[in-house]
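# Got a sequence here, can you build the structure:
(3 chains)
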Amino acid sequence: MKIAVCIKRVPDMDVRFKIAPIGNAVDEAGLKFDINDFDSWAVEAALQIKDKDSATEVVIVSLGSDSVQETIRKALAMGADRGVELKVARIPFDGLAIAHALAAELKGGGFDLILFGKQSADSSNGAVGAMVGELLGLPVVTAISKLELAGATGSAKREIEGGQEFVEFPLPAVLTIDQGLNTARYPALKGIMAAKKKPLDVRPAQLGEQSVSVTKMELPPERPAGRIIGEGASAVPELVGLLQTEAKVL
Amino acid sequence: MANVFAFAETRNGELRKIGLEAVTAARKIADETGGKVDAFIAGAPGVGAHAEQLAKYGADTVIVVEHAGLEKYNPEALAATVAERIRGGAYRIAIFPTSALGSDLAPRVAAKLGVGLVTDVTAVNLDGDAVIVQHPVNIGKVMATVKMTSQPALIGIRPNMFTPVENPRAGAVERAEPVGDPSASRVVVKEVKLGSSAKLDLGEAPVIVSGGRGLKGPENFKLLEDLAAAFGNAAIGATRVVTDEGWRPHSDQIGQTGRLVSPQLYVAVGISGAIQHLAGMRTSRTIVAINKDKEAPIFKIADYGIVGDLFEIVPVLTAAVKEAKSRG
Amino acid sequence: MTVGHGIFILIVVLSLSFFSYNAQRLVRYMMSIGQPENRTDHPLTRIKNLFIIGLAQKKILRDAVAGPLHASVFWGFVVLTIGTAEIIVQGLFPGFTYAAILPVPLYEFYILSQELFAVLVLAAVAVLLYRRIVVKPKRLQGDKVHSGDAILILSMIGALMVSLITLGAFGFALHPDSSTIFQPVSLALSHVFGGLSAGTLEAGRETSWWFHALLILVFLNYLPYSKHLHVLTSLPNTYLANTSGPGVKGAMSYMDLEAEGAEQFGASDVTQLGWKSLLDSYSCTECGRCTAVCPANITGKLLSPRKIMINTRQRLMELAPLATGDFGEFEHHTLVAGEGGDAGDASASAALGNTLLDNYITEEELWACTSCRACVEECPVSIDQLDIINELRRDLVLMESRFPPEIQPAFESLEKNGSPWAFDPGDRAKWAEGMDIPTMAEMVERGERPEVLFWVGCMGSFDDRAKKIAVAFARVLQAAKVKFAILGQEEKCNGDPARRMGNEYLYQMLARDNIETLDRYGVETIVTNCPHCFHQIGNEYPQLGGNYEVIHHSTYIEKLMDENRLPLNGEGKALTVAYHDSCYLGRYNGIYEAPRETMKRALPMMTLVEPPRNRSKGLCCGAGGGRMWMEETVGKRINVERTEELLATGADVLAVACPFCMTMIGDGVKAQGSSVPVLDISEVIAQQLGNQS
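Numbering: from 1, shown residues only, chains lettered A, B, ... in the order given. Okay, here's the model as predicted:
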């Protein structure tokens, strides 16, 4: 089996972001970057298939500047076989432009499965995986939290609002991975050392035309400092009111 | 003049609220420029009955596609049909829901049409030939203003951001056939399980009700179970102390050494807020804390806190949530 | 030459040859199977250890009952070996006696010493046998310990003593004129034999001599097959111990991750351990003192440091004869204490396929360790059980990525956020808001230099309770008018959690980042309230080229008091305080008195009470070795065990000097439903600060 996993390098989200002076991007100074969580589960899904069938080849594809090599190496350290960097100066916001570049790379690659994370933590559009499938004319199942393969067909579970959908599809296929499918393995130093010797090709990305761009980024108003709304059961009505009107979670 | 396409999502033959939100958003944009709103509804035969309601919320035309093969979500047939309809109309904008279905459908349509897509949109505006949308990035910590120049621009709206408003229009029904054979789709939804009584997973539950040492014993978790039941979509969590004591199973533990969660609402009951615990839940969207010690660290990160005896407060809260839910 | 004389010479030659053969084999196994290690540094410390721990039996005497008994046997053996040598030489050169070469008073002293120590050893052996057979102390049970072996050895020693005395007694009875008051026991016994015929007495004397001489040779040759090999290895083992220099006790070994061709990181088998760990395994006599003080074992976990040592020896004996090309069934399986036998009847190929990790020592045992060093501290022959545990953990993480799943978030946060918890590094200095504490960057910008850098640590930066400690200590520094700075968001975890959990790669990443930051600011002196930061930066960073004077806040506060820089109000209530020793402050760095002393000086009316386990015998709080980030699901919780001991002192306040101890003891107090406050020593001091205006 041959599996491609498309991954994205994203900043760590545990920080308070600052807006860069150009105004339409976050200030990257001091940010730590790593593989997008959903994408790491996609890598893990591929590796679990490889664990069962060692003849499986897992190829990592990532679009970005040369810094993505570090992220690709991490996936290689987890156990993937080789990597491809689709080089761009800056990752565009337009998902379709990215999808074109990935589809151009993946086309004719003979992949049985092409895996993506459900969405990236930074641009959060959740569109590229399905777009690539569409451009390649392959069956697409998005946001899966369970996967079973049997020969040339697969079945998957998708979480939908208030329930689950059980989907069947033929291979080759494009799948995007949701939370809950697995937990990504932690690369051992042995894997990190081995990854240094694995092939990593760099090619210019053939981006599609861009019609979507970020013109401005801003920080939403700071979450108001927590407040104690009262003592005892008499504070409950106010709490429920706030949950409905201010927090909008009821 | 901006004509707008609105995808009205249905499930099991029922129109979903987000469908009305799409029409409402579309109506608002169309009205700014004197444009028209075409609502699109598809499903098993009979789904067209909702056309009237779509008209009530602002659809000038309702495109109805009825086919037995569309009873369950049929991504390939639906994407082909929707793309065909959008291609045929002169739309400035096509609106989809950012739902499980909409998030799957919209990218397919965008790729077929070769146009731009932005999902999870919280506001839409027109600016000359461009469409300007607000879209949260970096897990909601940054708000991006995005300019879309394709014709049409596809957007997925975030649920609950466009409250449905009645704005009656003629709602002329235009019946259409699916493009291609829906039964020939490669991707097939075999089964849909709804409202499963199965325990909600902590990682997925929109609401988590969590208990700490303050509950004093396993028997008192009944209080939290009642509160969770009142929310309807809640899972029960616990602190490390609670699971260590065996009051709850280890799989319920939230924190550094347990599950890392970030639900819409986190209700911390009798939890003081040790670093182990905070590390696992501090990214929750809204945090409510109930604790007898007003110095407890949990109040530092809680949006709303009540100081007092949880055994007195929680039952009152359960009743109030039940009432709010029944009204809502 | 008599026939007997000839036979004796033959026996001596044969037995010494056989012994030498076995001895060289053991040395060869150790050196060819084990990895190279340098144990020749700090010769003076080593000699000091040899005298104090080895000859003076300092650690043996930590056990009030078994200690004096064993010391008696040990010193007796040292003294009696001189006599044994006389007897063997007598056998080779009949008629030889020390009397011929020693001046009379010295000879008389010699024979008196032999006699007295023989009785002392005999008495000790009797009590020890009674303990083994009747009392059966808990620490001598379990882990497949060889009680039969112990009884056999004790019996042999007893028999040696008896034969030594009967030898003298029969001699005196045979030749009453040779009697001397300097062999009082033999003399007394000789009167009992008075009625026997000369022939019987001669036979008795001959039998005693042969019995004694032959038993010594049997004893010598039995040692390589017994856990009592320690008789031969304990002194060299003490000399070569890990405790190889002042101030760097307990530093984990340096690992060169960039070494050319390095393919194995840590150890999964004896072939990857240092040779000293193998010598340690020879030296273990299964006394169980390590296991008896192990907090994990005490509270019912699977870990037993003694088992780690026995397993290491078992595995070595299973593998070494095969791996070094020794052959013959008599060498395999049953060599040394029959340990190979314990390993099972694995065929040669199966034995080669086994590993120390998994086949002998399980993951569960390894992750139960709190790295508290109580086992190492306790071992009378300076075995380092922790070294093996650390190396095996390294293999688990670096080679196999096998570890409790709950520590993965800690690893990931350390990598991304520089803290084991996923907090925003930008919030590191939030605790100091409004306190007018400059960061290093701010101070350097103003063109100033601090007297000390206050290293806050992740607990002090992010944990709500520990932030109060950071605030208290900062107030103490401010009150003493110490010019200090913090690193703020440039500070990262010192790496100790990663290193102790076996993740050397992550540790070196963090440590190198910190060293780069510290060196960039030219930091020389660091003061910290966290013993883990203190130990790591002070004792382990030098391995990576980071050299700073690092001072724990207890010592630093004591220094400020010595210099009269602290304005204390001299007031205070008559409190009873129980202080809990931090492992990384105490056993790792020998700081026991500074925390106690500072509190005494700040609170003149205070009464310090001690739980039974204190100072170097203090029980761990349960957080070390990365346990802070692991589940504790087996047995009693360590922090609860420790808190019960502390509360049992009846103290009004429990004092700690480590933020991790604070969390664990604080939780323990809550679990007990107690409201006794737990304070850091800096908080105790800060409460006593006088009017600063």
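# State the phi and psi torsions of C:E549.
The phi and psi values for C:E549, taken as degrees, to the nearest 10, are phi -90, psi 110.
# who does B:A153 bridge with?
B:I93 (DSSP bridges).
# What confidence value was assigned to it?
The model reports B:A153 with a pLDDT of 98.
# any idea how far the nearest residue in space to C:R613 that is not next to it in sequence lies from chain B?
In space, and not counting its chain neighbours, C:R613 is closest to C:L619: 4.6 Å by C-beta to C-beta, 6 or more residues apart in numbering or on different chains. The C-beta positions use only the backbone N, C-alpha and C, and glycine is treated the same way. From C:L619 over to chain B the distance is 19 Å, taken as C-beta to the nearest C-beta, to the nearest Å.
# right, and C:L619 touches C:I298 too?
Yes. Between C:L619 and C:I298 there is a contact under C-beta atoms under 8 Å: 7.4 Å.
# Mind listing the shared neighbours of the two?
Common contacts of C:L619 and C:I298, defined by C-beta atoms under 8 Å, 6 or more residues apart in numbering or on different chains, comprise C:I638, C:E641.
# Compare the two and say which one has the larger neighbour count.
C:L619 (26 against 19; other C-beta atoms under 10 Å in any protein chain shown).
# and the more buried one, what does it touch?
C:V293, C:P295, C:I298, C:A374, C:P611, C:R613, C:I638, C:E641, C:R642, C:E645.
# again, only using 6 Å
C:P295, C:R613, C:R642 (C-beta atoms under 6 Å, 6 or more residues apart in numbering or on different chains).
# sec struct for the second one, please.
Local secondary structure at C:R613 is given as coil here, using DSSP: H, G, I helix; E, B strand; the rest coil.
# and it, how many neighbours?
Neighbours of C:R613 using other C-beta under 10 Å come to 20.
# how close does it get to chain A?
36 Å.
# Where does the prediction get shaky in the chain?
Chain wasn't specified; assuming chain A. Along chain A, segments meeting pLDDT under 70 span A:223-224.
# Can you look at chain C instead?
C:1, C:243-248, C:326-348, C:691-693.
# again, 50 this time
Scanning chain C with the threshold set as pLDDT under 50 gives C:244-247, C:328-342, C:692-693.
# Looking at it, which helix is longest?
The single longest helix within chain C, with elements called by DSSP state H, is helix C:3-33.
# can you check chain A too?
Under DSSP H, chain A gives helix A:37-52 as its longest helix.
# Following the chain onward from it, which element is next?
strand A:57-64 (DSSP states H and E).
# Output the below-cut-off pLDDT ranges for chain B.
Within chain B, the stretches with pLDDT under 50 are B:196-197.
# what's the domain layout of it?
B:4-184, B:207-326 (automatic domain parsing).
# From C:K636, how far off is C:H532?
As defined by C-beta to C-beta, to the nearest Å, C:H532 lies at a distance of 24 Å from C:K636.
# Which of the two has more residues huddled nearby?
C:H532 (30 against 13).
# Is that one located within a helix, as I assumed?
Yes. C:H532: assigned to a helix according to three-state DSSP.
# Count the neighbours of the closest residue to it other than its chain neighbours for me.
Nearest residue to C:H532 in three dimensions, chain neighbours excluded: C:D496, at 4.5 Å (C-beta to C-beta, 6+ apart). Counted with other C-beta under 10 Å, residues neighbouring C:D496 total 28.
# And the one 3 residues further on, by the same measure?
Around C:R499 sit 27 other residues, with neighbours defined as other C-beta under 10 Å.
# That one: which element?
Applying DSSP H and E, one finds C:R499 within helix C:496-500.
# what's the spacing between that helix and its chain's center?
Between the centre of helix C:496-500 and the centre of its chain there are 19 Å (C-alpha atoms, centre = their mean, to the nearest Å).
# Quick one: list the elements packing against it.
helix C:504-520 (3 or more C-beta pairs under 6 Å, 6 or more residues apart in numbering or on different chains; DSSP states H and E).
# Now the helix it packs on - C-alpha only, CSV.
In CSV, the C-alpha atoms belonging to helix C:504-520 read as follows (Å, rounded to 0.1, in the frame of the first residue of the first chain):
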residue,chain,number,x,y,z
GLU,C,504,17.8,13.0,27.3
TYR,C,505,17.3,14.5,23.9
LEU,C,506,14.6,16.9,25.1
TYR,C,507,16.7,17.6,28.3
GLN,C,508,19.7,18.7,26.3
MET,C,509,17.6,20.8,24.0
LEU,C,510,16.2,22.7,27.1
ALA,C,511,19.5,22.9,28.9
ARG,C,512,21.4,24.2,25.9
ASP,C,513,18.8,26.9,25.4
ASN,C,514,19.0,27.9,29.0
ILE,C,515,22.8,27.9,29.0
GLU,C,516,22.8,30.0,25.8
THR,C,517,20.5,32.6,27.6
LEU,C,518,22.5,32.6,30.8
ASP,C,519,25.8,32.9,29.0
ARG,C,520,24.5,35.7,26.8
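# residues of it that come out buried?
By neighbour count with 16 or more other C-beta atoms under 10 Å in any protein chain shown, helix C:504-520 contains the buried residues C:504-511, C:513-515, C:517-518.
# and the closest residue to chain A within the stretch 401-550 of chain C, helix, strand or coil?
Residue of the stretch 401-550 of chain C nearest chain A, by C-beta to the nearest C-beta: C:S401 (3.9 Å). Classification of C:S401 using three-state DSSP returns coil.
# Was I right to think it contacts A:A188?
Yes. Under the criterion of C-beta atoms under 6 Å, C:S401 makes contact with A:A188 at 3.9 Å.
# now the residue of the stretch 51-200 of chain B found nearest chain C, nearest residue through space, not along the chain?
Closest contact between the stretch 51-200 of chain B and chain C, by C-beta to the nearest C-beta, is at B:K141 (10.3 Å). Counting by C-beta to C-beta, 6+ apart, B:K141 lies nearest to A:F17, which is 5.4 Å off, once chain neighbours are set aside.
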